[in-house]
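>>> Provide a 3D model corresponding to the input given below.
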Amino acid sequence: MNTADNKNTIGERIKNFRSDSLHMTQRDFAEELGLQPSTLSGYEKGNIIPSTDILLKIARKYNLSLDWLCGLTNNAFQFNDLGEIVDALIKLNDLNEIRYEIERNKPDMETPENRWWCSLKFYGMDSQHPHNGSICSFLDSFYENRSEYESYFESLESYNQWKNSTIEYYSGSALTQKEYEDIDYDTRIARRNELIEKNQKK
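Model prediction:
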C-alpha cells in the first residue's frame, strides 16, 4: 500500500466510523479526541496522516483494531481484556432491537456429568426485538463455518472470507439504545409486586 492509498484508507475509515457508527459531527468527534476540527477534517480527506498516538487513542477509546484503521483487515473491533468483553455483553443488553435470555446451571459440586455452565439464548421469532432473527441466522451460519474450519474441511482463507462477508452483510442494520427509567422507590416496589402477581398467575 503506497502512502496516498494509506492516507485515503485511514481517513475514510475514521470518517465512516465517526458518522455511521458513532453518528457524531466532526466538531464533536474532534473534541472527544482533543483535536481541532480542521485537523480531523484533514485526516478524513486524506490530506494528513494521523500520528501513531492519535491512531492508538482512537483504537483504545473505541476498541478498534489498528489493523482495521490502517486498512489491513476488515475486522474493526478487537478485545484487549476480559473487561471489554463484559462491557460488550452489557451494551448488547442495552439495545432495543435485540434481547437475549441468560440460562445457567450451577451445581453445588461440578462433575463431568453435571457441569457449571451459562449460555445466552436468542429467540428468533420475537416481534419486540426484530434483530433476534438475524442473530439466530448468523449464529447458525457461524456454527457451521466454525465447525468446518476446526475440523479441517475449510481453509483459513475461506473462513476469513466468510467472516468478512458476513460482517459486511449485517453492517447496515441500525440499532438504538434503551432509555432506562429512573423511578422512585414506591413505584419500583409497586411494579415489582405487579410482576410477581402476574408471574404467579401463569
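>>> Check the gap between the spatially most central residue of the chain and Glu179 for me.
The residue lying closest to the centre of the chain (C-alpha atoms, centre = their mean) is Ala88, at 6.3 Å. Computed as C-beta to C-beta, to the nearest Å, the Ala88 to Glu179 distance reads 20 Å. Every C-beta, even on glycine, is put in place using the N, C-alpha and C of the backbone.
>>> next one: Tyr149
Where Glu179 is concerned, Tyr149 sits at a distance of 40 Å (C-beta to C-beta).
>>> ok, now Ser65?
30 Å.
>>> Which one's more surrounded, those two?
Each of Ser65 and Glu179 has its neighbours counted (other C-beta atoms under 10 Å); Ser65 has more, 16 against 7.
>>> Skipping its backbone neighbours, what lies nearest the more buried one in space?
Gln78 (4.4 Å; C-beta to C-beta, 6 or more residues apart in numbering).
>>> Is it correct that the one you found is in contact with Arg60?
No - Gln78 is not in contact with Arg60 according to C-beta atoms under 8 Å; the separation is 10.3 Å.
>>> who's more crowded, those two?
Under the neighbour definition other C-beta under 10 Å, Gln78 and Arg60 were set side by side, and Gln78 has more, 14 against 11.
>>> got a list of what the residue nearest to Tyr123 when sequence neighbours are not counted touches?
Nearest non-adjacent residue to Tyr123, counting by C-beta to C-beta, 6+ apart: Asn132, 5.8 Å away. Shown in contact with Asn132 (C-beta atoms under 8 Å, 6 or more residues apart in numbering): 97-99, 122-126.
>>> let's see 10 Å
Residues near Asn132 by C-beta atoms under 10 Å, 6 or more residues apart in numbering: 97-100, 122-126.
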